[in-house]
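Trainee: My questions concern the predicted model and sequence given below.
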Amino acid sequence: MSPVTRPSGRAFDQLRDVRIERQFTKHAEGSVLISFGDTRVLCTASVENRVPGFLRGKGEGWVTAEYGMLPRSTNERMNREAASGKQGGRTLEIQRLIGRSLRACVDRRALGERSITLDCDVLQAAGGTRTAAITGAYVALCDAIGLLRKRGDLARDPIIGAIAAISVGIYQGQPVLDL
């Protein structure tokens, strides 16, 4: 890689500092505050002993995600999407990406007929919110499943793979890690 840096001052192959604080909230079965540099995302995992209608009676569980940004998570305040009565396309795309990513690492039969919802709330945005959300949600999911196993609610671990996310791209003709 070239010694040239990007506007943030990081080298093209340099990640931001990543910090994960587990058990950040007390009510959710799994919760994580994840930081990618100055980006901070709160990820909680909530377990419910029910599944969506299309899965009832099929003996498998569901993992889904919701994503949102606090109004002042950016330089200027933005309106809450809930205030407008609908979610924007970017938000829907990101929450689908998080849900699909996490379902890929779960044996839904081993989960049984229960749902785990990952709520990813961006507290502070400085780039990489979707990748921070995916990584933090995975840790929160693992903690929630760990709690279910500790309580004896699961016969075996439904986690079948590890998930983490980072972005890559091209800047000034150079490949760049962690955009």
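Mentor: Structure received. Numbering: from 1, shown residues only.

Trainee: how long is stretch 96-115 end to end?
Mentor: Stretch 96-115 has an end-to-end distance of 15 Å (criterion: C-alpha to C-alpha, to the nearest Å).

Trainee: what's the neighbour count on residue 134?
Mentor: Neighbours of residue 134 under the rule other C-beta atoms under 10 Å: 27. Placement of C-beta: from N, CA and C, glycine included.

Trainee: and it, helix, strand or coil?
Mentor: Reducing the assignment at residue 134 to three states with DSSP: H, G, I helix; E, B strand; the rest coil gives helix.

Trainee: Show the contacting residues for it.
Mentor: Contact partners of residue 134, counting by C-beta atoms under 8 Å, 6 or more residues apart in numbering, are 97, 98, 101, 102, 163, 164, 165.

Trainee: can you redo those residues as TSV with distance to residue 179 and pLDDT?
Mentor: TSV is the format used below for the contacts of residue 134 (distance: C-beta to C-beta, whole Å; pLDDT from 0 to 100):
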residue	distance to residue 179	pLDDT
97	15	96
98	18	97
101	18	97
102	22	98
163	19	97
164	15	97
165	12	97
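
Trainee: hmm, which of those are the buried ones?
Mentor: Of all these considered here, the ones buried according to neighbour count by 16 or more other C-beta atoms under 10 Å are 97, 98, 101, 102, 163, 165.

Trainee: Could you report the neighbour count for the closest residue to residue 81 other than its chain neighbours?
Mentor: For residue 81, ignoring the flanking residues on the chain, the nearest one in space by C-beta to C-beta, 6 or more residues apart in numbering is residue 87 at 5.0 Å. Residue 87 is surrounded by 16 other residues when neighbours are defined as other C-beta under 10 Å.

Trainee: Also residue 131?
Mentor: 20.

Trainee: And residue 133, by the same measure?
Mentor: Residue 133 - counted by other C-beta under 10 Å - has 30 other residues nearby.

Trainee: Quick check: chain neighbours aside, which residue is closest to it?
Mentor: The spatial neighbour of residue 133 that comes closest, neighbours along the chain excluded (C-beta to C-beta, 6+ apart), is residue 120 at 3.8 Å.

Trainee: what helices or strands is the helix or strand the one you found falls within leaning on?
Mentor: The secondary structure element spanning residue 120 is strand 115-124 (assigned by DSSP states H and E). For strand 115-124, the contact count by 3 or more C-beta pairs under 8 Å, 6 or more residues apart in numbering; DSSP states H and E identifies strand 39-48, strand 62-69, helix 89-103, helix 129-150 as packing neighbours.
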